[in-house]
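Student: The following block contains a protein sequence and its predicted model.
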Amino acid sequence: MKRTGKSRIITLVGLWLCLASFLVAQAARKSGSSPAAPKTVPKAGAAKSASRARPAMSEAAVRDKIIRFVRARFGVPDNVTVTSEPLTPSIHPRFLQTVIVTDNGKEKHNNNVLITRDNRLLVIGSLVKVEKDPQEEVVPRLREQFKIPDTISITATPFHASTFPELVVTTVTVDQPKGKQNQDFYLTKDRQCLVLGSVFNLAVDPQKHALQTLNTMNSPSTGPRSARVTIVEFADLQCPTCSPMHDFLENVVLRKYGEKIRVVYKDFPLPSIHDWTLTATIANQCVYQINPSAYVPFRSMVFKNQTSVNAANVRDLVLSYGEQLGVDRLRLAACVDAKSTLPRIEESVKEGQAVGVQSTPTSFINGKMVVGMPTIDAYYKDIDEALKAAK
C-alpha cells in the first residue's frame with residue numbers, strides 16, 4: 001500500500017495525513033490498549049454562548065465522540081485500539097487539546113488533536129501562536145515546521161472567510177518540480193493562532209457524507225445497479241496492494257455475494273510516487289471510453305503484469321493489452337497520446353479527496369471507509385453488516 005507522504009514537501013500539503021497514514025498501516029495488525037479515566041470537561045467563558053446552544057457533554061462523552069469520528073473518517077479497523085488522553089486547555093481559549101493514541105498491539109502512535117469547546121470542530125494537528133502578522137508568518141512557519149528549503153517556492157493567499165465561522169483560511173501553494181500543489185490552512189478568527197492541520201466538522205457523519213458525495217453513475221462497475229450493497233473502490237494501477245485487492249473483489253467477493261453487491265471502480269493515481277501509473281490510468285479510461293466492457297479485463301491485465309511494466313514500456317504494453325481485448329489500437333493510441341481522459345481521472349481524484357481518500361486501495365462499503373487490504377473475515381463482516389442494514 002502506497003501513501004502520498006514520501007517527503008516533507010508532500011507532508012506540508014497533506015499535513016493531516018500523519019494520523020491517517022499511520023492508521024492505514026495498521027489495518028491487518030492486532031490491538032491492545034485501554035481508555036483513560038473520565039472527568040468533566042473544563043468550562044470556558046469565551047465559549048459560554050455556544051455552550052448554551054446545546055446540552056453540556058461530559059469529558060468521557062467528548063472523547064468518545066472524537067474516537068468514533070476518527071474511526072469512521074479514517075477507516076480505522078476494529079483490530080486497532082484508539083483511545084484519547086484527558087482533555088486539557090490549549091494555547092487558544094476556544095480549543096481544548098488531547099492526544100489520540102492508536103495501538104495495534106505491537107506499537108503505539110500519538111497524534112495531536114484539538115476540539116472546540118462547543119464540540120463542533122475537530123483539528124488533527126496543532127496551533128501555533130501568531131507573533132505579529134499572520135499573513136507574513138504563515139509561509140516562514142510552514143518552512144520551519146517542515147524544513148522546506150528556500151529553493152522550493154511557497155505562496156499563500158490573503159486570509160479570508162471560510163466555511164467554519166471560527167476560522168479564516170488561506171490557500172498555500174507549493175511549487176515542486178512535478179507541479180504545483182494547493183492546500184488550505186486556517187487561522188483563528190481573532191488572528192491569534194495558526195492552525196497547522198486539518199479541520200473537520202463533527203456534525204458531519206463520514207459515512208453519510210461519503211454516500212452523498214460518491215458518484216456511482218457513468219462509472220465502470222460490476223454487478224447490478226439494484227444491488228443492496230455498493231462497494232466503491234479507489235485504486236492506483238501501480239500500487240502493489242491494489243493488485244491483490246482487485247483480485248479479491250473480482251474473484252472472491254463478487255462470486256460469494258453475486259447480485260447482492262455492486263463494485264464501482266474509481267481511479268486514484270499517485271504520480272508523485274509511481275512513475276507509470278498515470279499513463280496506464282489514462283489508457284484504462286480510454287478503454288472504457290472505446291469499449292466499456294473491456295475496462296475491468298484491462299484493469300485486471302495491468303494488475304496481473306504489474307511487475308513487468310515500467311515508465312519506458314508502459315505505452316507499448318497498454319496498447320498491446322487493449323489490442324488483446326479487442327480494443328482498436330489506433331483509437332486507443334490516439335486517446336492515450338492526447339490524454340483525452342485526464343479530466344475524468346482528475347475528477348475521480350477530487351472525488352476521492354472529498355471523502356478522505358489518502359492512500360490506495362481505499363474502498364467504501366455503502367459509505368463505510370475501508371483502508372488497505374483487510375482480512376477476508378473483516379471485509380465479509382462489513383459487507384454482511386451493510387446487507388443487514390439495507391434490508
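Tutor: Now that the structure is in, tell me what you want to look at.
Student: ranges for the helices of the stretch 151-300 of the chain?
Tutor: Along the stretch 151-300 of the chain, counting by DSSP state H, counting those that start in this stretch, helices occupy 206-213, 242-248, 254-257, 277-290, 295-304.
Student: From the contact counts, what lies against the fourth one?
Tutor: Counting by 3 or more C-beta pairs under 8 Å, 6 or more residues apart in numbering; DSSP states H and E, the packing neighbours recorded for helix 277-290 are strand 261-267, helix 295-304, helix 314-324, helix 329-338, helix 342-354. No exception for glycine: its C-beta is placed from N, CA and C like everyone else's.
Student: List the buried residues of the longest one.
Tutor: Taking 16 or more other C-beta atoms under 10 Å as the basis for neighbour counts, the residues of helix 342-354 that come out buried are 344-345, 348-349, 351-352.
Student: before we move on, what about stretch 185-197?
Tutor: Quick answer for stretch 185-197 (16+ other C-beta under 10 Å): 185-188, 193-197.
Student: residues in contact with residue 200?
Tutor: Going by C-beta atoms under 8 Å, 6 or more residues apart in numbering, residue 200 touches 69, 73, 121-124.
Student: top helix in this protein by residue count?
Tutor: Determined from DSSP state H, the single longest helix within the chain is helix 59-74.
Student: What is the subsequent helix or strand relative to that one?
Tutor: Note on helix 59-74: by DSSP states H and E, the next helix or strand toward the C-terminus is strand 81-84.
Student: ok, what's across the strand from residue 200?
Tutor: residue 122 (DSSP bridges).
Student: Against the centre of this protein, work out the most remote residue.
Tutor: residue 330 (36.5 Å; C-alpha atoms, centre = their mean).
Student: Restrict the longest helix of the chain to CA atoms and write it as CSV.
Tutor: C-alpha atoms of helix 59-74 as CSV (Å, rounded to 0.1, in the frame of the first residue of the first chain):
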residue,chain,number,x,y,z
GLU,A,59,-15.4,14.7,29.1
ALA,A,60,-15.9,10.9,28.6
ALA,A,61,-18.6,11.6,26.0
VAL,A,62,-16.5,14.2,24.2
ARG,A,63,-13.5,11.9,24.0
ASP,A,64,-15.8,9.0,22.8
LYS,A,65,-17.2,11.3,20.1
ILE,A,66,-13.6,12.1,18.9
ILE,A,67,-12.7,8.4,18.8
ARG,A,68,-15.8,7.4,16.9
PHE,A,69,-15.3,10.2,14.4
VAL,A,70,-11.6,9.3,13.8
ARG,A,71,-12.5,5.6,13.3
ALA,A,72,-15.2,6.4,10.7
ARG,A,73,-13.3,9.3,9.0
PHE,A,74,-10.1,7.3,8.6
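Student: Pull out the buried residues from it.
Tutor: Of the residues in helix 59-74, 59-60, 62-63, 65-67, 69-74 count as buried by neighbour count, 16+ other C-beta under 10 Å.
Student: what about it, distance to the chain center?
Tutor: Relative to the centre of its chain, helix 59-74 is centred 18 Å away, using C-alpha atoms, centre = their mean, to the nearest Å.
Student: Are there helices or strands packed against that helix, and which ones?
Tutor: Using 3+ C-beta pairs under 8 Å, 6+ apart as the contact test, the elements touching helix 59-74 are helix 17-25, strand 81-84, strand 95-103, strand 108-116, helix 206-213, strand 368-371.
Student: which residues sit in contact with the residue farthest from the centre of the chain?
Tutor: Contacts for residue 330 (C-beta under 8 Å, 6+ apart) come out as none.
Student: Name the SS class of residue 118, please.
Tutor: The assignment at residue 118 comes out as coil when based on DSSP: H, G, I helix; E, B strand; the rest coil.
Student: How many neighbouring residues does the nearest residue to residue 197 once chain neighbours are set aside have?
Tutor: Counting by C-beta to C-beta, 6 or more residues apart in numbering, residue 125 is the residue found nearest to residue 197 once chain neighbours are left out, at 1.5 Å. Residue 125 is flanked by 21 other residues according to other C-beta atoms under 10 Å.
Student: Phi first, then psi, for residue 125.
Tutor: The phi and psi values for residue 125, taken as degrees, to the nearest 10, are phi 150, psi -140.
Student: What does the pLDDT read for it?
Tutor: Per-residue pLDDT puts residue 125 at 92.
Student: Surely it and residue 193 touch.
Tutor: No. With contact defined as C-beta atoms under 8 Å, residue 125 does not count as touching residue 193 (11.3 Å).
Student: picking up where we left off before, ranking the helices of the stretch 151-300 of the chain by burial, who's on top?
Tutor: Stretch with highest mean neighbour count among the helices of the stretch 151-300 of the chain: helix 277-290 (a mean of 24; mean count of other C-beta atoms under 10 Å).
Student: CA atoms of that one as CSV?
Tutor: Coordinates of each C-alpha in helix 277-290 appear next as CSV, following Å, rounded to 0.1, in the frame of the first residue of the first chain:
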residue,chain,number,x,y,z
THR,A,277,0.5,4.9,-13.1
LEU,A,278,-0.9,8.0,-14.9
THR,A,279,-0.3,6.7,-18.4
ALA,A,280,-1.8,3.3,-17.5
THR,A,281,-4.8,5.0,-15.9
ILE,A,282,-5.4,7.3,-18.9
ALA,A,283,-5.3,4.2,-21.1
ASN,A,284,-7.7,2.3,-18.8
GLN,A,285,-10.2,5.2,-19.1
CYS,A,286,-9.6,5.3,-22.8
VAL,A,287,-10.5,1.6,-23.0
TYR,A,288,-13.7,2.4,-21.1
GLN,A,289,-14.5,5.2,-23.5
ILE,A,290,-14.0,3.0,-26.5
